[in-house]
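**Q** Have a look at this prediction, sequence included:
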Amino acid sequence: MSLERVVVTGLGVVSCIGQEPRSFWESLVAGRSGIDRITAFDPAPYPTQIAAEVRDFAIDGKAAKRMDRFSQFAVASAQQAMDMAGLGSETERAGMDPTRIGVALGTGIGGVPFLFREHEKFLQRGLKGFHPLTVPVVISNMAAANVSMQMQLLGPNLCISTACATGNHNIAAALDLIRLGRADVMVAGSTESTIAPFALSGYIQLRALSTRNDAPQQASRPFSLHRDGFVLGEGAGVLVLESLRHARARGATILAEVLGAGQSADGYHLTAPHPEGRGAVAAMQQALADAGLNPAQVSYINAHGTSTPLNDALETQAIKTVFGEAARQIPVSSIKSMVGHSLGAAAGIEAVACVLAIQHGVIPPTINLNEPDPELDLDYVPHSAREAELTSVVSNAFAFGGQNAVVVFGRHT
């Protein structure tokens with residue numbers, strides 16, 4: 001059985017540095033950080049007072065009132081991606097079987113801000129004092145469900161939730177569904193909005209966050225000697241994936257190809273990666289094998305690159321293990337230096353960045369790498385974007401619980 005080739009025909013993004021692909025890309029190339037003091041609530045009581053917030057965001061329509069912010073991000077990004085793909089309206093989809101167009105869109109946590117607001121009302125007013133639709137608004141599958149309902153996409157509808165690896169796992173699932181002929185088109189990616197006091201406090205308890213409150217835009221510094229934790233972010237990133245045959249038949253513009261994916265588990269710890277990076281290594285090796293590539297054929301690695309002491313060191317070592325002598329020649333960068341770590345949304349947003357990098361032939365930089373860690377000695381594309389011919393891009397995502405997913409994108413030829 002021959003597998004369908006899968007291409008990318010649309011992109012959508014909501015982030016702290018741009019709420020659609022063009023402004024997002026311009027900010028990435030300019031090395032512009034979107035991290036600042038939290039405005040969603042008063043952060044003064046907390047040791048971490050900064051985040052990568054999406055500001056001045058809104059979507060229209062009555063349905064938005066029945067969505068938490070994570071679902072709103074997903075719907076906005078999905079509409080952008082479908083519009084770019086030429087599939088954004090029922091008129092454009094006329095003649096297509098809606099049961100062959102699906103959604104694979106996850107979130108790490110779900111409707112945190114809405115849940116906490118309604119829980120406070122419950123404590124104050126009791127059983128009938130909070131929103132009657134609280135459960136269907138906050139549960140994780142509602143981002144995918146709302147995209148389906150808004151666009152009448154009636155095919156497979158999935159929500160894989162694997163913390164920071166969520167986006168790549170959903171893209172991988174969509175890839176497989178199209179490859180196996182079970183869908184023609186999939187809207188795939190991830191979303192997250194957890195900038196709320198309790199969620200912030202949870203990561204503070206884990207000592208995972210930067211406390212560089214006096215210099216927010218310099219706080220996220222992957223691979224730097226003085227990195228002190230990640231910066232909480234939010235947003236969404238969505239791709240339209242399509243079988244090559246279907247895209248060609250309707251004359252779609254092809255942005256890139258999804259060449260392969262790899263998935264693994266560390267089987268080790270709740271929050272720490274395996275000390276030998278075995279899960280990260282396995283996921284990258286599987287992704288390369290699935291894509292039919294050897295290490296020397298990779299043009300760029302979009303690192304998980306969280307700006308935590310442990311992750312950056314172990315990811316660097318895992319890259320060296322997988323890529324061997326080629327590791328020092330392959331550019332590696334982390335856009336989390338600009339957009340923070342948006343948890344479940346991270347890999348979706350980074351997938352959009354990878355496709356844009358292939359399109360434009362430009363690698364986004366790792367900003368704030370002013371004092372490199374001498375033990376981390378790869379080419380992290382510091383400070384400034386770099387022009388490069390990108391034929392294949394590896395995008396890493398490694399999650400709490402040791403759940404790992406890696407996707408390989410390529411220039412379509």
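**A** Nice, thanks for sending it over. For clarity, every value in this text was computed on a predicted model and none was experimentally measured.

**Q** Chain neighbours aside, what residue packs nearest to Glu234?
**A** Ser193 (4.5 Å; Cβ to Cβ, 6 or more residues apart in numbering). In short, each C-beta sits where N, CA and C put it, glycine included.

**Q** what's the answer for Ala63, then?
**A** Gln150 (6.6 Å).

**Q** Helix, strand, or coil at that neighbour?
**A** Following DSSP: H, G, I helix; E, B strand; the rest coil, Gln150 is assigned to helix.

**Q** That one: neighbouring residues, count only.
**A** By other Cβ atoms under 10 Å, 19 other residues sit near Gln150.

**Q** Pro372 now?
**A** Pro372: 15 neighbours (other Cβ under 10 Å).

**Q** Quick one: mean pLDDT over stretch 271-281.
**A** Averaging pLDDT along stretch 271-281 gives 93.

**Q** Can you point out the buried residues in it?
**A** Under the neighbour-count criterion of 16 or more other Cβ atoms under 10 Å, stretch 271-281 has 273-274, 277-281 buried.

**Q** Can you give the distance from that stretch to the centre of its chain?
**A** Between the centre of stretch 271-281 and the centre of its chain there are 20 Å (Cα atoms, centre = their mean, to the nearest Å).

**Q** and after the helix or strand of the chain with the lowest mean pLDDT, which helix or strand comes next?
**A** One helix or strand of the chain scores below all others by mean pLDDT, DSSP states H and E: helix 112-125, with a mean of 91. Downstream of helix 112-125, the first helix or strand assigned by DSSP states H and E is helix 134-138.

**Q** Off-centre distance for that following helix?
**A** For helix 134-138, the distance to the chain centre is 23 Å (Cα atoms, centre = their mean).

**Q** Surely the residue nearest to Ala63 and Gln79 touch.
**A** Yes - shown here, Gln150 and Gln79 form a contact pair, counting by Cβ atoms under 8 Å, at 7.5 Å.

**Q** Strands along the stretch 101-250 of the chain, start to end?
**A** Along the stretch 101-250 of the chain, the segments classed as strands by DSSP state E, counting those that start in this stretch run 101-107, 157-158, 185-192, 235-243.

**Q** So which other helices or strands are in contact with the third one?
**A** Yep, that's strand 185-192 we're talking about. Helices and strands touching strand 185-192, by 3 or more Cβ pairs under 8 Å, 6 or more residues apart in numbering; DSSP states H and E, are helix 69-85, strand 101-107, helix 142-151, helix 166-179, strand 235-243, helix 346-360.

**Q** okay, now the domains of this protein?
**A** With domains defined by automatic domain parsing, the chain comprises 6-249, 260-410.

**Q** I'd like to know how many residues surround Arg245.
**A** The local packing of Arg245 (other Cβ under 10 Å) involves 13 other residues.

**Q** OK, contacts around the closest residue to it other than its chain neighbours?
**A** In space, and not counting its chain neighbours, Arg245 is closest to Glu4: 6.6 Å by Cβ to Cβ, 6+ apart. Applying Cβ atoms under 8 Å, 6 or more residues apart in numbering to Glu4 gives the contacts 178-181, 243-245.

**Q** What remains of those if I keep only buried residues?
**A** Looks like the contacts of Glu4 have 178-179, 243-244 buried, using 16+ other Cβ under 10 Å.

**Q** Which members of these are the farthest-apart pair?
**A** The distance between the two most remote of the buried ones among the contacts of Glu4 (Cβ to Cβ) is 10.5 Å, for Arg179 and Leu244.

**Q** and for those two, which residues touch both?
**A** Shared contacts of Arg179 and Leu244, counting by Cβ under 8 Å, 6+ apart, come down to 4, 6.

**Q** where along the stretch 301-413 of the chain do the helices fall?
**A** In the stretch 301-413 of the chain, the helices defined using DSSP state H, counting those that start in this stretch lie at 309-323, 336-339, 346-360.

**Q** quick one: which of these is nearest Val103?
**A** Here helix 346-360 is closest among those (Cβ to Cβ), at 12.5 Å.

**Q** any idea of the mean pLDDT for that closest one?
**A** Rounded mean pLDDT across helix 346-360 is 98.

**Q** With stretch 320-332 instead?
**A** Mean pLDDT, computed over stretch 320-332, is 97.

**Q** Could you give me the buried positions within it?
**A** Residues of stretch 320-332 classed as buried: 320-323, 327, 330-332 (neighbour count, 16+ other Cβ under 10 Å).

**Q** just to revisit the earlier point, does anything pack onto the least confident helix or strand of the chain? Which helices or strands?
**A** Applying 3+ Cβ pairs under 8 Å, 6+ apart, we find helix 112-125 packed against helix 69-85, helix 134-138, helix 197-205.

**Q** Point out the most buried one among those helices.
**A** Ranked by mean neighbour count, the helices and strands packed on helix 112-125 are led by helix 69-85 with a mean of 27 (mean count of other Cβ atoms under 10 Å).

**Q** Mind giving me the packing neighbours of it?
**A** The helices and strands touching helix 69-85, judged by 3+ Cβ pairs under 8 Å, 6+ apart, are strand 6-14, strand 101-107, helix 112-125, helix 142-151, strand 185-192, strand 235-243.
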